[in-house]
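> build the 3D model from these lines:
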Amino acid sequence: MISSTSSPLTPLFRENVMHLVYLFFGFSLLMLVCGFLERICWTTATKRQTSRMSVLLFQSLIQRNMTYFDTNQTTQYNSKLFTNVEKIKNGIGFEFVMVIALILGMIFSIIICFILNWKLSLIMSCIIPIVLGISLMFAKFVAKETQEQLSTYSKAGQIAQEVFSSLRTVLSFNGSKLEQKQYDKELQINEWCTVRKDAAYGVLFAQGAAVSVFRLIDEVHDENLNEKEILQENISHENSISDINGDIEFDNVSFSYPSRENATALNNLKLIARANQTTALVGSSGCGKSTCVSLLLRYYEPSSGRIMIGGQSLTDYKIKPFRQHIGVVSQEPILFGISIYENIRFGKLNATREEIENAAEQANAHKFIMKLPNKYETLVGERGIQLSGGEKQRIALARALVKQPSILLLDEATSALDNVSERVVQEALDRACKNRTTIVIAHRLTTIKNADYIYVLDEGSVIEEGTHETLLAKDGGRYQTMVKMQQSENTFHRQESLMQMEKAAAEDEEQLLARVRLLSESEAIDINRYVAFGIAGAKLVSRLRSKAFACLLRQEVAYFDRPENSSGAICTQLSSNAAAIQDMAGARLGFICETLSLCFFGFVLGIFYSLELTIIIAIPFFIILIAAIMQIRLSSWLKTQSDLIYSEASTLAVEVITNMRTVKQLSMENEVLRQYSDLIDQVLGMSWKPDAVFATVSALYWAMDSFALGLLYWRALVLVENNELDMNDVVMISAFGMFAIEALKVVGMLGERIGSSFAAAHAFFDLFDRIPTIDNGSTKGQELTDFRGETEFNQVKFIYPSRPTVLVLNKLQLSIKSGQRIALVGASGCGKSTIVQLLERFYDVTNGQLTLDGVDIRKLNVQWLRSCLGVVSQEPVLFDLTIAENIAYGLENIPMDEIVLAATKANIHEFIQQLPQGYETKVGVKGSFLSGGEKQRIAIARVLIRRPKILLLDEATSAMDPYNERIVQETLDQAQTDDSSRTSIIIAHRLSTIRSCDLIYVLEMGRIVESGTHIELIQKGGIYYKMLNAQNNVQ
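Numbering: from 1, shown residues only. Sure thing, here's the model as predicted:
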């Protein structure tokens, strides 16, 4: 060792040192090039693989049969498509490269050791099996915990998806507290999973995440042979069918839904729908009518028996080409969150503009479309939320007609239309049915009396058949009874309208959280302890997700009308942003803090030994620091931009998975797969430039080690030659300096993730800071002690924020007295449903004033207000809970007796009792396990149990057969008269249901054009009179 007092260094030593310096600089340059190539190639391969994985997962989902969607919680697959795939990308990215490098380094080191001293190496190698065994056990444990963690994430995502896709119903029944409680429960389970595996890092995440994704991609269901055929075929290559014609025959068909195997939907059904004729299926709700359509569309296969067309079994046809020849208009129209033009085009992907407009004209939709600001390019919103029920139905009808189908299936196709539109559309349907095999499902028997043949179904079997005339001639027959019941209902209303009716009656705690800090005092127990940071990170992320969920529930409804805030986009951001923060908030944050502390300590010691050499070491240190900062900023920008596209992809995925029946019926699998793939490719294309920068920065990290040593030894040589420093100091400084650089380099390697977590945190804090215009969780505002239900719209103007150029209500003047029973009628889109939404305070009026009992509605407590309202809408929304939980939704500690009483009043109790699990039966996502009439009756029971002061009925009985409609209508009438102070507001297209109302208001273009009793309006001979005549002519 050479001290500071010894003679100058020998020329040979100096030459050797300089040679070493040159080697370090050369090796640094080599590492720069190799590091860049390694990173850019590996990153590109990783992103392509995970992008393809996401597309394959989506493809696997859309290829599955309906049995799969009935028996699996498909709403959680939004998480698998994005969050889990992102974890796999992280696992096979940088960390995987590091694992490979470490394994190769270990093997190389072992070989060198055995070459130098095999005996000592053999002794030391005894520990290798122990280390490997512990590592494998740890990896297995982490993979198991990760899989459980992802499962709970998926369940939490499922809750969020269901809530935000049905937000109006959640808010109407004050269900926010219940949903928050369920969401927090899943987060708590997830938190403990995270704590148990707080040491998990990098590639160990990938194994657990990959299990759930690859299992779905590779899984093949054996229950359905034809589905296996689809999975074995290329989705974009299927033979077309030129035409489908012939009699449709159900030959001894029996069927039970997979989700309710103990309940028989069809029981040895035999019927024939003749070619080029119209065949009608009638019967009470749940008799099997819609099941026939589902089997005909091959959503399911019969348990026994067979279905034939023209003597050829349905199984002989390939599913997708077969469905392209069938047009379906269902009871609840499903539209996608795109333009009107694209929604109609989904009926026939190669349709011309002229064909689309012709189809819209046939469906009586063209005129109202042309009145919209963007006409056919108008966005309809998620599930068509921007349009009225009648408008949605007409667009769905146009979508069916544009393909000119060989077979037409109409399931209450005109139930949502007003009288004028119904007559025109019914005429269009009658024209469309000519020379076409048509099957009509109807509750309103007046719409099928011209059918060529009618089958009456009960409990899955045909009990009567014949033409309208022959069935009417059967004394005491079921069809005759149903017709008489419907006719007597109309007669009853006509007689009652001549009498003077007595006045009828129908009567969360805000949790504010402080801004979430990166580490709370209670969580940061010990910054140097790995487990402590794991626990702190888990708790932090749970609170972030919980608070974000709560903040979203507080936002006004208009916030969710924006395309970027669809339910799919919100759920993806909620899960991906939380995952990005969790990625850095736990053990990695502890590692970063520890590393930076050691860097500081190293530099302090370096300054103690030699300020000049420490400054030399600081040069590459600050190069790495600047590169890391640039990397963090760029990755933060990239995540923000890619999240926008992922939100679109998520919205598409959620719409497709939620409405899979419509997707399959329209044979849209190829189209939606292409759209999804294009969006994923956009993210891939966007990232190649940032990836090149990241690769350059990564290469700099690898090159800085050698570059720093070269600089250090070059300057140290001069200092030692001048006796300003001895070799001991050089060794110490190089050790501490290189340790600081190496530590910062490892932190820099996490720069992309740090940037992503910064972007995620920014998105969360933007949400936390946002003040909603209508706070759904607010506890502020008045609660009227003696609420009477007097309502007044005073010169109200209203414009939907998402359609700022369309005036929906125009100086509306409307007064409703306490206990009054009033009706709102008019063409679709005239503003009827908007009045209900303003009363529920989903929106605030644009101009004018809306008051309840003389108090401006904006001064009332919003949760109290909604608790006083009972809403039964045209399209009932149920949650994936039991029947009892759905009826009592939003209420606490409701006795079972009250639930049963409400169900009995809604004429659903007997049906529930027949189910194997009774009131504990799960109804499926959005009530998918029930028929339309069954869902509507449960929705009515949900309102009746609340005993509301104001009853809002929006076509409440439109989905029911005549028998159930009459009973439920009597129930609703009774509910309106039980309490003389209860106010009722009825929205109706069928004027027979509102003849007995105290006042009827006719709306047109957002204002009242006529008002009075039924008799007064008839005597005026105005719009109401014409609507009534139009309906009578249809009937």
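> show the contacting residues for the closest residue to residue 341 other than its chain neighbours.
Of all residues not flanking residue 341 in the chain, residue 376 sits nearest, at 4.0 Å (CB to CB, 6 or more residues apart in numbering). All C-beta spots, glycine's among them, are computed from the backbone N, C-alpha and C. Contacts for residue 376 (CB atoms under 8 Å, 6 or more residues apart in numbering) come out as 339-341, 344, 356-357, 360, 369.
> any idea how this protein splits into domains?
The record's domain parsing of the chain by automatic domain parsing lists 24-218, 333-406+418-435, 788-868+949-1035, 874-947.
> could I get these in a markdown table, plus columns for distance to residue 736 and mean pLDDT?
Output for the domains of the chain, formatted as a markdown table (distance: least, CB to CB, whole Å; pLDDT from 0 to 100):
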| stretch | distance to residue 736 | mean pLDDT |
| --- | --- | --- |
| domain 24-218 | 18 | 72 |
| domain 333-406+418-435 | 58 | 77 |
| domain 788-868+949-1035 | 60 | 84 |
| domain 874-947 | 59 | 85 |
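> for the stretch 201-350 of the chain, give me the ranges with low pLDDT.
201-243, 259, 331-332 (pLDDT under 70).
> I figured residue 408 hits residue 325, correct?
No. Judged on CB atoms under 8 Å, residue 408 makes no contact with residue 325 at a distance of 10.2 Å.
> so residue 631 versus residue 696, what's the distance?
9 Å (CB to CB, to the nearest Å).
> higher neighbour count, the two?
residue 631 (25 against 17; other CB atoms under 10 Å).
> and the next helix or strand past the host helix or strand of the more buried one?
In this structure, residue 631 sits in helix 611-658 according to DSSP states H and E. Counting by DSSP H and E, the next helix or strand C-terminal to helix 611-658 is helix 660-665.
> chain center to that next one, what's the gap?
17 Å (CA atoms, centre = their mean, to the nearest Å).
> ok, stretch 51-64 next?
For stretch 51-64, the distance to the chain centre is 17 Å (CA atoms, centre = their mean).
> what are the buried residues along it?
Buried residues in stretch 51-64, counting neighbours by 16 or more other CB atoms under 10 Å, are found at 51, 53-55, 57-64.
> same question for stretch 643-663.
For stretch 643-663, using 16+ other CB under 10 Å, the buried residues are 643, 645-663.
> please apply the same query to stretch 370-379.
372, 376, 378-379.
> repeat that for stretch 449-467.
So stretch 449-467, judged by 16+ other CB under 10 Å, has buried residues 449, 451, 453-457, 460-462, 464-466.
> I'd assumed residue 32 was in contact with residue 701.
No. Between residue 701 and residue 32 there is no contact under CB under 8 Å: 9.9 Å.
> comparing those two, which shows the higher neighbour count?
Using other CB under 10 Å as the criterion, residue 701 and residue 32 rank with residue 701 on top: 26 against 19.
> pLDDT on the one helix or strand the more buried one maps to, on average?
Per DSSP H and E, residue 701 falls inside helix 688-721. If you average the pLDDT over helix 688-721, you get 80.
> show me what that helix is packed up against.
helix 11-62, helix 611-658, helix 727-749, helix 751-769 (3 or more CB pairs under 8 Å, 6 or more residues apart in numbering; DSSP states H and E).
> the residue nearest the centre of the chain in helix, strand or coil?
Central residue of the chain (CA atoms, centre = their mean): residue 568, 3.6 Å from the mean position. With DSSP: H, G, I helix; E, B strand; the rest coil as the basis, residue 568 sits in helix.
> before we move on, back to that, can you put the buried residues of stretch 51-64 in TSV and add distance to residue 256?
Putting these into TSV (distance: CB to CB, whole Å) gives the following:
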residue	distance to residue 256
51	40
53	36
54	35
55	35
57	30
58	30
59	29
60	26
61	24
62	25
63	24
64	19
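> nearest to residue 166, of those residues?
For these, the residue nearest residue 166 by CB to CB is residue 61; the value is 21.2 Å.
> ranges for the strands of the stretch 251-400 of the chain?
266-273, 278-282, 304-309, 312-313, 326-329 (DSSP state E, counting those that start in this stretch).
> dump those to CSV, plus mean neighbour count and distance to residue 735.
Converted to CSV, the strands of the stretch 251-400 of the chain look like this (neighbours: other CB atoms under 10 Å; distance: least, CB to CB, whole Å):
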stretch, mean neighbour count, distance to residue 735
strand 266-273, 19, 81
strand 278-282, 24, 86
strand 304-309, 16, 80
strand 312-313, 11, 80
strand 326-329, 24, 75
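> take these and write them to TSV, including distance to residue 940.
TSV is the format used below for these (distance: least, CB to CB, whole Å):
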stretch	distance to residue 940
strand 266-273	27
strand 278-282	22
strand 304-309	34
strand 312-313	41
strand 326-329	25
